[in-house]
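I need the structure of the sequence given here:
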Amino acid sequence: MKKIYAILVFVCFTTFSWAQFTIDRVVVLRVGNGEAALSNASTPVFLEEYSKTGMKTFQLALPIQNTANQRAFTVQGSSTAEGQLTLSANKKFLVIAGYDTIPGVASISGTASTLVKRKLVVVNKQAEINSQTVFTDAYSGGNIRGGVINDDKSMVWTAGTSGGTNNGVRTAPFGVTGSSVRLNSELTNIRTVHIFDGELYVTAQSGSFRIAKVGSQIPTTEGAAIVNLPGTPNATISPYGLIMFDTNESIPGVDLFYYADDRAVASGGGIYKFAFDGTNWIAKGSYNNPARGLTGEIIDGKPRLYITTSPSSANHLVAFTDNAVATADIMAANIDTLGQAPANTAFRGVALSPEVDDSPITSVNFKESNQKLFIKYINEQIFAEYHSLRSGNATLEIIDITGKVISTESIRLESGQNIIPIGSSILVSGVNFIVIKNGDERFVRKIIQ
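Below is the predicted model of the structure:
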């Protein structure tokens, strides 16, 4: 039974950074706030979460001002290659690459990295933003496009392009401020970088490189060879997003992949499928919908793919299922448009939402069990969603960062899902903790005003 308790009704969602992504949803990176046409200037970035039925359930604005705890993060508005989004293999961390500066800096990709640092932002399931990884020697005078992080959050890898020697696929310790290592000097123009099944992959449209593997396992030193996947095209195509799956136990490693091609349909744009026979990758047709962002998952044995279409603004987030077996030509079905970027904005990268908490929100007795507390917004109101094993009375508290109790409310819980609206006027400026006390258990989530 679903029970709704009103505390306060009206909330303006642009004021808050909502804590908590929700599992089994899709996150898309949106560039721009809609106030002006996208340009070559540094531009605000938002992460928007959608349910798989197309409901926007969550939005996180990346910082646009420098504060004591966070620095601004932006990307180039008109660069269709920037703004790629990845989810770590352990499903804990979203990774975005961009610039360490406020919005409005003209020709941002042309700036020197010693003046405007390139950076990675890592976001966990609790929507906590880490912007400590910045580079002074990477992609100077050029674009940083994407990044990925390993499972133990010790190392990062980046993709981009520029002149000189500060380009290509690069790596550095997570949290570094300063230098990075270029893994290979032959391929200098990288579009996307990914980790699948313990190996590093890139997409590019440079020389004869298109879809390639970097080194062995996940390299961290110079001299890693970059080799196109055997059987894949080495010219003509325009690959961006990449998703790989391991569907065949008899073939070691990944054996199925799809890539997004942003060319017009008449020129061959769309989503392409390849299957591995143990020696070569074999083309298995395409779905003719030009795209740049791409992710996916296996549902009931069938790949379900999520793409951002290729128009440079007001583009779409689309989902479809490949109903064919892995070794057969792609058969697009159950095609759904989940969302559209507003005017003067664009969807770029797309990833599944984080599924695993990075760490407890606070040091109070936070417990993960069948009872769970989430923060979300619905129709521009903030709600606490609490899953209870039993009916009974409980207490809802709002606490500030010092531990002071701002508000206490007695509530009645029903067994199952409970939806509890939270009002903006109760919250203090800065960090607020939403606490539900149910018997001797306490469940905590965070909101930042």
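
quick one, strands of the stretch 251-400 of the chain?
Assigned strands in the stretch 251-400 of the chain, in chain order: 256-261, 270-276, 281-287, 291-299, 302-309, 316-322, 332-340, 346-352, 372-378, 381-388, 392-400 (criterion: DSSP state E, counting those that start in this stretch).

Would you tell me which of those gets closest to residue 83?
strand 346-352 (3.2 Å; C-beta to C-beta). (Each C-beta comes from the backbone N, C-alpha and C, glycine too.)

export the closest one as CSV, just CAs?
Presented in CSV, the C-alpha positions along strand 346-352 are these (Å, rounded to 0.1, in the frame of the first residue of the first chain):
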residue,chain,number,x,y,z
ALA,A,346,21.6,18.5,-26.0
PHE,A,347,21.8,15.0,-24.7
ARG,A,348,25.3,13.6,-25.0
GLY,A,349,26.5,10.5,-23.1
VAL,A,350,24.3,7.9,-21.5
ALA,A,351,24.9,5.3,-18.8
LEU,A,352,22.9,3.0,-16.6
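
got the strands of the stretch 251-400 of the chain as a markdown table, with distance to residue 119 columns?
Supplementary listing: those in a markdown table, determined by distance: least, C-beta to C-beta, whole Å:
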| stretch | distance to residue 119 |
| --- | --- |
| strand 256-261 | 25 |
| strand 270-276 | 30 |
| strand 281-287 | 34 |
| strand 291-299 | 20 |
| strand 302-309 | 22 |
| strand 316-322 | 25 |
| strand 332-340 | 27 |
| strand 346-352 | 16 |
| strand 372-378 | 27 |
| strand 381-388 | 29 |
| strand 392-400 | 30 |
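
Which of the ones you listed comes out lowest on mean pLDDT?
Ranked by mean pLDDT, the strands of the stretch 251-400 of the chain bottom out at strand 372-378, with a mean of 74.

what lines up beside that strand in the sheet?
Using DSSP bridges, strand 372-378 pairs in its sheet with strand 381-388 (antiparallel).

Quick one: distance of the partner strand to the chain centre.
A distance of 23 Å separates the centroid of the chain from that of strand 381-388, by C-alpha atoms, centre = their mean, to the nearest Å.

That one to strand 392-400, inter-axis angle?
130 degrees (axes from the mean of the first three to the mean of the last three C-alpha atoms, to 10 degrees).

just for the protein, where's the confidence low?
By pLDDT under 70, the low-scoring segments of the chain are 1-19, 359-371, 377-380, 401-403, 424-425, 440, 449.

which residues touch the closest residue in space to residue 128 that isn't next to it in sequence?
Excluding the flanking residues, the one nearest residue 128 by C-beta to C-beta, 6 or more residues apart in numbering is residue 358, at 7.3 Å. Residue 358 is in contact with 92, 93, 124, 125, 126, 128, 153, counting by C-beta atoms under 8 Å, 6 or more residues apart in numbering.

Recalculate using a threshold of 7 Å.
By C-beta atoms under 7 Å, 6 or more residues apart in numbering, the contact list for residue 358 reads 92, 124, 125, 126.

next one: residue 272
By C-beta under 7 Å, 6+ apart, the residues touching residue 272 are 258, 259, 261, 286.

coming back round to it: go through the strands of the stretch 251-400 of the chain and name the closest to residue 419.
Using C-beta to C-beta, the nearest of the strands of the stretch 251-400 of the chain to residue 419 is strand 381-388, at 5.4 Å.

Could I get the buried residue list for stretch 97-107?
Buried positions in stretch 97-107, judged by neighbour count with 16 or more other C-beta atoms under 10 Å: 97, 98, 99, 100, 101, 102, 103, 105.

now do stretch 203-211
So, applying 16+ other C-beta under 10 Å, buried residues of stretch 203-211: 203, 204, 205, 209, 210, 211.

ends of that stretch, how far apart?
Stretch 203-211 has an end-to-end distance of 5 Å (criterion: C-alpha to C-alpha, to the nearest Å).

re the thing from before, which of the contacts of residue 272 lies closest to residue 149?
residue 259 (21.4 Å).

rewinding a little: adding distance to residue 390 as columns, could you present the contacts of residue 272 in JSON lines?
Output for the contacts of residue 272, formatted as JSON lines (distance: C-beta to C-beta, whole Å):
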{"residue": "258", "distance to residue 390": "45"}
{"residue": "259", "distance to residue 390": "49"}
{"residue": "261", "distance to residue 390": "52"}
{"residue": "286", "distance to residue 390": "52"}
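
Among these, which one is most surrounded by other residues?
Compared across these, residue 261 has the highest neighbour count, 30 neighbours, by other C-beta atoms under 10 Å.

So that residue versus residue 303, what's the distance?
According to C-beta to C-beta, to the nearest Å, residue 261 and residue 303 sit 17 Å apart.

Repeat that for residue 186.
Residue 186 is 32 Å from residue 303, where distance means C-beta to C-beta.

Compare neighbour counts for those two and give me the winner.
Under the neighbour definition other C-beta under 10 Å, residue 186 and residue 303 were set side by side, and residue 303 has more, 22 against 10.

now that one, which residues is it bridged with?
In this structure, residue 303 bridges to residue 298 when assessed by DSSP bridges.

and it, what does it touch?
Residue 303 sits next to 245, 296, 321, 322 when contact means C-beta under 7 Å, 6+ apart.

Also residue 285?
When contacts are counted by C-beta under 7 Å, 6+ apart, residue 285 is found next to 273, 329, 330.

which of those residues has the most neighbours?
If you count neighbours using other C-beta under 10 Å, the busiest of those is residue 273, which has 25 neighbours.

thinking it is in contact with residue 255, fair?
No: contact criterion C-beta atoms under 7 Å: residue 273 and residue 255 do not qualify, at 11.9 Å.

what helix or strand is residue 49 on?
Using DSSP states H and E, the element containing residue 49 is strand 45-50.

by how many degrees do that strand and strand 316-322 diverge?
Put simply, strand 45-50 runs at 40 degrees to strand 316-322, going by the same axes, to 10 degrees.
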